[in-house]
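In: Just a sequence and a predicted model for now, questions to come.
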Amino acid sequence: MTQGSAALPPRGVNAKTAPRSPKPPKKRRVLKVVLLLLLAVILLIAAYVGFLATKANKAINHIGTVSNNDVQIPVAESVKKKAVGMVLLGLDTRAKGGGMNTDVMMVAVFNPNSKSATVISIPRDTLLELEGYGERKANANYATFFSQARSDKGMDKEAAEADAKRAIRDMLGKYFGVDLKYTAVVNFKGFEDVVDALGGIEVNVDMDMKYVDTYDGTNINLKKGLQTLDGDKTLDFVRYRKSNDGKNMSSDFDRNQRESEVVAKIVDKMKSLGGIAKMGDVIDAVGDNMSIDMPPKEIQNLMKTYFGISSTDIQFIPLEGTWKSPYVYLDETKLSEARAALQAKMAE
């Protein structure tokens, strides 16, 4: 070999055909990365669902006032298979000004066949004229039933609450002509906490709203326009009825419209990706501030059956009428339409 000449490959080996370290094709490497990412996402979702299931079970055991041993629901009668009617009550539990009166009253029917619901809102000052029941504002009925259970029947607080739940749904079931099986009660704090857990909701405040009541601490001060409200401000938006100076007056009918709007906004936000990510906090908020006389297993079935429902799947019907102090007298035509809508949803 002469000096400076290039080194030759070993005899019998061609430099062009010499074996090289195998390298996977670029497409295969990309596919592996995608599959690994997909697997990681699936594992994270599974872990999160497991986390939510644990939270939900804890909340269910907390809000359910009927144990598994008390009621056994046949499969054919379960909320998974059969339409269910419920009473939904919002309780003002503030330290001052609050009590047992139900400022929010709704009757709802959920149908698993269509994965939809019909919800009727009742103005709080409504006179529900029904044989066998005293003349009082609608929002005073739950408080009256509770007091009667305590004083006339000698029940303790927990038993009286259960009796009041039964009595209010019996009354409203007769009034609307549908079978109402359960009653859910949520306090104002729970409403605020759910909205805060979702990061607030966007609503269009229809007028300037300003009202101060030093007795119960009310201090409503909202400006007209589209805006995102936290839980406290959302409750102000729903509750507003009048101003101190007599301007920008509202009514129970307006309140019912706003209640329906806010519930629809909450439902849609819970269904969104951002809402799903915050579902754990929502479950905590509900668990701390709600009670329902439904067996825990049925609460689970209700959550599973209607998880993902949107506002377009819910028919909101706020009742209307005429105010003649001290009552709201419902429009009979609108009332008949509401009864028919509930009965139709039950029969789907």
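Out: That came through, no problem.

In: name the helices or strands packed onto the strand ranked longest in the chain?
Out: The residue-count maximum for a strand in the chain (DSSP state E) belongs to strand 102-111. If you count contacts as 3 or more CB pairs under 8 Å, 6 or more residues apart in numbering; DSSP states H and E, strand 102-111 packs onto strand 84-91, strand 116-121, helix 141-151, helix 296-306, helix 332-347. Yep, even glycine has a C-beta here, placed from its N, CA and C like the rest.

In: mind redoing it with 6 Å?
Out: On a contact count with 3 or more CB pairs under 6 Å, 6 or more residues apart in numbering; DSSP states H and E, strand 102-111 meets strand 84-91, strand 116-121, helix 332-347.

In: Go through the ones you listed and name the closest to Glu298.
Out: Across the helices and strands packed on strand 102-111, Glu298 has its closest neighbour in strand 84-91 (8.6 Å, CB to CB).

In: List the pairing partners of the closest one within its sheet, with orientation.
Out: Strand 84-91 has the following sheet partners, assigned by DSSP bridges: strand 102-111 (antiparallel), strand 182-187 (parallel).

In: Pull the residues that contact the longest strand of the chain.
Out: For strand 102-111, contacts defined as CB atoms under 6 Å, 6 or more residues apart in numbering pick out 83-92, 117-122, 124, 138-139, 142, 172, 176, 342, 345-346, 348.

In: ok, now which ones touch the residue nearest to Ala140 when sequence neighbours are not counted?
Out: Closest residue to Ala140 apart from its sequence neighbours, by CB to CB, 6 or more residues apart in numbering: Asn101 at 5.9 Å. Residues near Asn101 by CB under 6 Å, 6+ apart: Asn139, Ala140, Ala143.

In: give me the element the most centrally placed residue in the chain is part of.
Out: Nearest to the geometric centre of the chain sits Val267, at 6.2 Å (CA atoms, centre = their mean). Using DSSP states H and E, Val267 sits within helix 252-271.

In: CA-only coordinates of that helix, as CSV, when you get a sec.
Out: Provided in CSV are the C-alpha atoms of helix 252-271 (Å, rounded to 0.1, in the frame of the first residue of the first chain):
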residue,chain,number,x,y,z
ASP,A,252,-91.5,37.2,39.6
PHE,A,253,-92.1,36.4,35.9
ASP,A,254,-88.8,38.1,34.9
ARG,A,255,-87.1,36.2,37.7
ASN,A,256,-88.5,32.9,36.4
GLN,A,257,-87.2,33.7,32.9
ARG,A,258,-83.7,34.5,34.3
GLU,A,259,-83.8,31.3,36.4
SER,A,260,-84.4,29.3,33.2
GLU,A,261,-81.7,31.2,31.4
VAL,A,262,-79.1,30.6,34.1
VAL,A,263,-79.9,26.9,34.5
ALA,A,264,-79.5,26.5,30.7
LYS,A,265,-76.1,28.3,30.8
ILE,A,266,-74.9,26.0,33.7
VAL,A,267,-76.0,22.9,31.8
ASP,A,268,-74.2,23.9,28.7
LYS,A,269,-71.0,24.9,30.5
MET,A,270,-70.9,21.6,32.3
LYS,A,271,-71.1,19.9,29.0
